[in-house]
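S.K.: Predicted model follows, preceded by the sequence.
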Amino acid sequence: QVRLVESGGGLVQAGGSRRLSCVASGRTLVTYSMAWFRQAPGKEREFVAAITWTGGTTYYTDSVRGRFTISRDNAKNTVYLQMNRLKPEDTAVYYCATDPSIVEVRSTPDYWGQGTQVTVSS
């Protein structure tokens, strides 16, 4: 069983920055791809960013490219999402996810965290 625990959410002003962390436990996930999704009130959950297990390739949805950076530390079983130049429309619950496949992790990952709320005030 895999457990993902996110942290780092909170209230931030527009234009500010925030870093989310997700710690994985329960099994060796070194070869697993990792991703972040988000769900805003009244909207469907959407893909935000993903990273391969080596960290060599990253993917972003268009709305965050250039502002968000996904990274990982395999020694710590942790994935990060550095969010810069935040906008009110980035307000959402952010979820960490993992899957062996870099394709599946961007759409239907096997494992999900419980989410962390990020609120961006204007």
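M.R.: The structure has been received and is ready for your questions.

S.K.: Using the three-state scheme, assign residue 105.
M.R.: Here residue 105 takes the helix state, with states given by DSSP: H, G, I helix; E, B strand; the rest coil.

S.K.: so it touches residue 31, yeah?
M.R.: No: applying C-beta atoms under 8 Å as the test, residue 105 and residue 31 come out as separate, 12.0 Å apart. Every C-beta, even on glycine, is put in place using the N, C-alpha and C of the backbone.

S.K.: Out of those two, name the residue with the larger neighbour count.
M.R.: residue 105 (25 against 10; other C-beta atoms under 10 Å).

S.K.: Give the pairing partners of the helix or strand harbouring residue 119; include direction for each.
M.R.: Assigned by DSSP states H and E, residue 119 falls within strand 116-121. Strand 116-121 has the following sheet partners, assigned by DSSP bridges: strand 10-13 (parallel), strand 92-99 (antiparallel).

S.K.: avg pLDDT for the shortest one?
M.R.: Mean pLDDT, strand 10-13: 98.

S.K.: Following the chain past it, name the next helix or strand.
M.R.: Downstream of strand 10-13, the first helix or strand assigned by DSSP H and E is strand 18-25.

S.K.: neighbouring contacts of the next helix or strand after that following strand?
M.R.: On the C-terminal side of strand 18-25, the closest following helix or strand by DSSP H and E is strand 33-39. With contacts defined as C-beta atoms under 8 Å, 6 or more residues apart in numbering, strand 33-39 is touched by 20, 22, 24, 45-53, 70, 72, 79, 81, 90, 92-102, 105-106, 109, 115, 118.

S.K.: List the buried residues of whichever helix or strand comes after strand 33-39.
M.R.: For strand 33-39, the following helix or strand on the C-terminal side (DSSP H and E) is strand 46-51. Neighbour-count burial for strand 46-51 flags 47, 48, 49, 50, 51 (criterion: 16 or more other C-beta atoms under 10 Å).

S.K.: in the strand holding residue 119, what counts as buried?
M.R.: Neighbour-count burial for strand 116-121, with 16+ other C-beta under 10 Å as criterion, is recorded at 116, 118, 120.

S.K.: cool, and stretch 99-115?
M.R.: Within stretch 99-115, the residues that count as buried by 16+ other C-beta under 10 Å are 99, 102, 105, 106, 109, 111, 112, 113, 115.
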